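>>> What follows is a predicted protein model with its sequence.
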Amino acid sequence: MSAAGWPTRAIHDEVVARARAAGEALAGEGRAIDAARRLTAPALSALHEAGVLRLLVPRALGGAEVDMATALAAFEAIAERDGSAGWCAMISATTALISGLLPEPVARTIFEPPDAVAAGVFATLGRAVPVDDGWRLTGRWPFASGCSHATWCMVGALLEEAGALRPLHLVVPQAELTIHDTWDTLGLRGTGSHDIELVDAFVPAARGFVLAPARHTVAAYRPAFFGALAAGVAAVALGIARGAIDAVRARAHAHQARPGGPLPLGYREGVQLAVARAEARINAARAGLFHALDATIADGAGTGEASLSVRTRLRLATCHATAESAAAVTQVHEAVGGSAVYTASGLERRFRDVHTASQHGMVGPAVTALCGSVLLGVVNNVPTL
């Protein structure tokens, strides 16, 4: 579907076209990416050339500074061809939103180089101890997608102040990290989401920040950080689902019917029904996601951050879109039958990838339940939304 047909008002076709071209260029790398459990050099080069790793970096720092709807459409376009590449593009781009929280000279050092790649883990699994001009940081963080090819990594920690713990996020050069080879998984294998570790590492004060509305006023920075990350996860899942449906369509007439043999895929009623229902699922879920994103950006125009009720609806839309994407892939996978398990089917890897994406904590059942508690008025202060 062309960008003009998407249900949002602010998608830049040329940016999405570059992302789609990058997806086509790296599509042949799929098996090598899976085997290496990280992006291959040609795949990473394609993402760099398309500029998708810097989509949300401010123009003042040499980035594209696109609106969030365009960024989501770009992640989706890459994920249609390769889920791991789409995921890595999404992680780097959304992590770069921290440029709006760091002091400008620090943000310039990190994000201005054209080969800059950000990665990170928001979970506050480290411990920061105050020292002169900074902190001593110790911790180990799993699920660090893209850590092998990143230039800088953001990590979360707890800082003890006046007998209480408060969250703090810090940015460290990738070269200072120990990367533990732990990412041997069902799907999204090429994301290289290994554990990263620091032991008593010094981090200058200027490279620490707290999550808050960014200083930038452009629309890309209005969704809350967790909302932006969750929307990115949903966009990748939608792209994977679109790729799965397209894979079935590509094989619809692949085999001529023979006497006594099975009908070609496109002529089987069960496959027709599954493709139609899967198409309806992801179209509706996608429309809901982009509608909620538009509402979030509009609501945050005055204050820099949308209200809790609007942020809740965005998070609910991200959970729904991810779950519907997984359901759509499962639907066509089952309808195709035994041939779906072959790597050549175009379904096997997408089935694994989308069900791995759906396990992400930003879009899981616990978040859906939290959204329900807000809608019911049970809670009225949820910073993580």
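Ah, there it is. None of these values were measured; they are calculated from a predicted model.
>>> Can you show me the strands along the protein?
With strands called from DSSP state E, the chain shows them at 118-131, 134-144, 152-161, 164-173, 178-180, 194-204, 208-209.
>>> can you count the residues close to the residue nearest to Val121 when sequence neighbours are not counted?
Excluding the flanking residues, the one nearest Val121 by Cβ to Cβ, 6 or more residues apart in numbering is Trp141, at 4.0 Å. Glycine gets a C-beta too; all of them are placed from N, C-alpha and C. Counted with other Cβ atoms under 10 Å, residues neighbouring Trp141 total 25.
>>> Please report how far Trp141 lies from Ile98.
15 Å (Cβ to Cβ, to the nearest Å).
>>> Quick check, the residue nearest to Val121 in contact with Met154.
No. With contact taken as Cβ atoms under 8 Å, Trp141 and Met154 are classed as non-touching, separated by 9.8 Å.
>>> Overlap of the contact sets of the two?
Common contacts of Trp141 and Met154 (Cβ atoms under 8 Å, 6 or more residues apart in numbering): Val121.
>>> what's the domain layout of this structure?
3-100, 119-209, 222-255+264-375 (automatic domain parsing).
>>> pLDDT averaged over the shortest one, what's the number?
Model confidence over domain 119-209 averages 96 on the pLDDT scale.
>>> What distance separates the opening and closing residues of that domain?
Start-to-end span of domain 119-209 (Cα to Cα, to the nearest Å) is 16 Å.
>>> sorry, back to before: ok, the residue nearest to Val121 to Asp195 distance?
When Trp141 is compared with Asp195 (using Cβ to Cβ), they lie 7 Å apart.
>>> Same check on Val121?
For Val121 relative to Asp195 (Cβ to Cβ), the value is 9 Å.
>>> go on, Arg350?
Applying Cβ to Cβ to Arg350 and Asp195 gives a distance of 26 Å.
>>> So for the two, which sits in the more crowded spot?
In this view Arg350 and Asp195 are compared by other Cβ under 10 Å, and Arg350 has more residues nearby, 30 against 19.
>>> Check whether that one really touches Ala244, as I assumed.
Yes. If you go by Cβ under 8 Å, Arg350 and Ala244 touch, sitting 4.4 Å apart.
>>> list the residues that contact both of those two?
Shared contacts of Arg350 and Ala244 (Cβ under 8 Å, 6+ apart): Val329.
>>> Make TSV out of the domains of the chain and add distance to Arg108.
As requested, the domains of the chain are exported to TSV (distance: least, Cβ to Cβ, whole Å):
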stretch	distance to Arg108
domain 3-100	6
domain 119-209	11
domain 222-255+264-375	20
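>>> What is the burial count for the closest residue to Phe225 other than its chain neighbours?
Excluding its sequence neighbours, the residue lying closest to Phe225 (Cβ to Cβ, 6+ apart) is Leu211, at 5.5 Å. For Leu211, the neighbour count with other Cβ under 10 Å is 17.
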